[in-house]
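> Sequence and predicted structure, then a few things I'm wondering about:
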Amino acid sequence: MEILKQVLTWIDIAIMIVFIFLVAIQTSRSEGVFSPGGGDSMYARAKPGFEDQISRLTLILAIAFFVLTAVVTYMP
């Protein structure tokens, strides 16, 4: 059981490092509606690009990091 806990801890650390890297390389999406062209971009459907895929991957890694941290913390 102790070996499993150590393996999950190392996986958790690896996910945390990748998660921090992905957050660091993302551009800001906080322009909002009041920026120039913000209202137009709200109604125009753009094709999903690299930034959308990175955002989705960041969300998945955040959930995985949360779950793994909880499992490792409460594991006997």
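Looks like it came in fine. Computed from a predicted model, the values in this text were never measured in an experiment.
> what separates L59 from V23, distance-wise?
Between L59 and V23 the distance, using Cβ to Cβ, to the nearest Å, works out to 11 Å. C-betas here are computed from N, CA, C, even on glycine.
> again but with M16, I slipped
Using Cβ to Cβ, we find M16 at a distance of 11 Å from V23.
> swap in Y74?
Per Cβ to Cβ, Y74 is found 26 Å from V23.
> got the CA coordinates for stretch 63-75 in CSV?
Output in CSV follows, covering the C-alpha atoms of stretch 63-75 (Å, rounded to 0.1, in the frame of the first residue of the first chain):
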residue,chain,number,x,y,z
ILE,A,63,-9.6,18.0,-11.9
ALA,A,64,-7.1,15.1,-12.0
PHE,A,65,-4.8,17.0,-9.7
PHE,A,66,-7.6,17.7,-7.2
VAL,A,67,-8.8,14.1,-7.2
LEU,A,68,-5.3,12.6,-6.9
THR,A,69,-4.4,15.0,-4.1
ALA,A,70,-7.5,14.0,-2.2
VAL,A,71,-6.8,10.3,-2.7
VAL,A,72,-3.2,10.6,-1.6
THR,A,73,-4.1,12.7,1.4
TYR,A,74,-6.8,10.4,2.8
MET,A,75,-5.1,7.1,1.8
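> contacting residues for the residue positioned nearest the centre of the chain?
The centre of the chain sits closest to T58, judged by Cα atoms, centre = their mean, with a distance of 1.8 Å. By Cβ atoms under 8 Å, 6 or more residues apart in numbering, the contact set of T58 is 19, 22-23, 26.
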